[in-house]
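A.B. asks: here are the coordinates; sequence isn't available:
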């Protein structure tokens, strides 16, 4: 065999060996990026599929950027604290094993520090929680706050996906609890690029707090495709000006989307913090700015969607509420402005292309849209509003509101336009024509029955002509 042929064969052999080694190396790397947890496992194990760990916490402590922790079916009675960050293209992921129900259960566990979640992420980035069932976390202590999943500090790239969170409860009459809480407590570093999607949050006792909340120094968020239902306070809340951030100019959740969520049966009535008040919003922005609320289905809550500010001198601004179906809420379908003279304001916001159907079922004088104190330069256009038994369409009971424009809306009441009720600048008005004349609003609006696809099934799509 000549030297040239031997050299070629040597190169081919080396190349083949290299391919085999590369494949083995890739396989090993892939296996090293997976850890398994089982209720029948042992924390002395290596964490492989055949030798799983026993606790999620042990797996999280062993994880590194790019690791996926697979949690097999079973009940895990533990509090999990994530103390590591992933990387942008290599997050740390904790997820339920496919088609198996992995439960983190807080039964019997103490809330040992304020704002502790059954899962807690503080000052970390690029962490994903996916598909876990989180339940039964309760306290009777006033100063402790049980949370299903708690995110705080600063960081980037947090994802909370497809979790089922339920029975998180405060049992103290002055207590607080949350299903998911995101608190931006640092400055100038924010919590940024956070996605909360596909989760179901239900059956919670929240006291004076909210089911899903983003509060403080938070920017660029998405709250999408969640189901929030049957909780005794606010469903989805985006908040500013509560002193969560140490620097006031950063103390405001901003630049986000609340989209394609279904929020229903949210009511504070009977909650010890509120007594017999219908005060809980399905979706609420309190002090946020530059937020789009769109394509949500919001029904049978106390208030459908609210954009307001609870803090005197503070402004909720540039909120777009569009293309939502909002129906059969106990008070207003949409409310903006402060709830009394000592609250803040709502300015430069837009309410457009929504269907508001038979809200104000408890005759709270909220109508389909309620303009509370301190509303300025807001536009209410291209909406369809159908009054229910209260007959009230627009409620604007305060004289100091300025610069708001209503136009190109469609209004309807089964009893006819003369039976419609309106409240404008403290004056009660009967009839659509009288309202237009006295308010100088809705010049191009119409009184007309909308042709919904299936009104009885609350399908508010319009029939094509």
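C.D. replies: Perfect, thanks for sending it. Source: prediction; values computed, not measured.

A.B. asks: ok but residue 151 is inside a strand, no?
C.D. replies: Yes. Applying DSSP: H, G, I helix; E, B strand; the rest coil, one finds residue 151 inside a strand.

A.B. asks: wait, what's in contact with it?
C.D. replies: Going by C-beta atoms under 8 Å, 6 or more residues apart in numbering, residue 151 touches 121, 122, 158, 160, 180, 181, 182, 183, 191, 194. Glycine gets a C-beta too; all of them are placed from N, C-alpha and C.

A.B. asks: cool, residue 311 as well?
C.D. replies: 241, 242, 287, 343, 344.

A.B. asks: Now go through these and say which are in helices.
C.D. replies: Of the positions in the contacts of residue 311, not one sits in helices, assigned by DSSP state H.

A.B. asks: so which pair among the residues you listed is furthest apart in space?
C.D. replies: 242 and 343 (13.4 Å; C-beta to C-beta).

A.B. asks: okay, those two: which has more neighbours?
C.D. replies: Comparing residue 242 with residue 343 by neighbour count (other C-beta atoms under 10 Å), the higher total belongs to residue 343, at 20 against 16.

A.B. asks: Tell me if I'm right that the more buried one and residue 336 touch.
C.D. replies: No. Taking contacts as C-beta atoms under 8 Å, residue 343 lies outside contact range of residue 336: 11.4 Å.

A.B. asks: so what sits against both of the two?
C.D. replies: The contact lists of residue 343 and residue 336 share 308, 372, where a contact means C-beta under 8 Å, 6+ apart.

A.B. asks: Might you report the residue contacts of residue 196?
C.D. replies: Applying C-beta under 8 Å, 6+ apart to residue 196 gives the contacts 160, 180, 182, 212, 221, 222, 223, 224, 226.

A.B. asks: Can you give me the neighbour number for the first one?
C.D. replies: Counted with other C-beta under 10 Å, residues neighbouring residue 160 total 27.

A.B. asks: Tell me what it is bridged to.
C.D. replies: Residue 160 has these beta-bridge partners by DSSP bridges: residue 129, residue 196.

A.B. asks: Confirm for me that it is in contact with residue 195.
C.D. replies: Yes. Using C-beta under 8 Å, residue 160 is in contact with residue 195, at 7.4 Å.

A.B. asks: could you say which helix or strand contains residue 213?
C.D. replies: Taking DSSP states H and E as the criterion, residue 213 maps to strand 212-216.

A.B. asks: Next, the angle from the helix or strand just after that strand to strand 212-216.
C.D. replies: Going down the chain from strand 212-216, the next helix or strand is strand 218-224, by DSSP H and E. Strand 218-224 and strand 212-216 are oriented at 170 degrees to each other (axes from the mean of the first three to the mean of the last three C-alpha atoms, to 10 degrees).

A.B. asks: Can you point out the buried residues in strand 218-224?
C.D. replies: Residues of strand 218-224 classed as buried under the neighbour-count rule (16 or more other C-beta atoms under 10 Å) are 218, 219, 221, 223, 224.

A.B. asks: Kindly state the pLDDT recorded for the last one?
C.D. replies: Which is residue 224. Note for residue 224: predicted pLDDT of 98.

A.B. asks: and of the buried residues of strand 218-224, the nearest to residue 231?
C.D. replies: residue 223 (15.3 Å).

A.B. asks: Any chance you could list what contacts the strand or helix carrying residue 202?
C.D. replies: Applying DSSP H and E as the criterion places residue 202 in strand 200-204. The contact list for strand 200-204 (C-beta under 8 Å, 6+ apart) reads 148, 163-169, 177, 179-180, 211-212, 226-232.

A.B. asks: and if we set it to 10 Å?
C.D. replies: 133-135, 137, 146, 148-149, 162-170, 177-180, 210-212, 226-233, 235-236, 262-263, 265 (C-beta atoms under 10 Å, 6 or more residues apart in numbering).

A.B. asks: Now, of those, which are buried?
C.D. replies: Buried among the contacts of strand 200-204 (16+ other C-beta under 10 Å): 133-135, 137, 146, 148-149, 162-170, 177-180, 210-212, 226-233, 235-236, 262-263.

A.B. asks: Kind regards, and thank you for your time.
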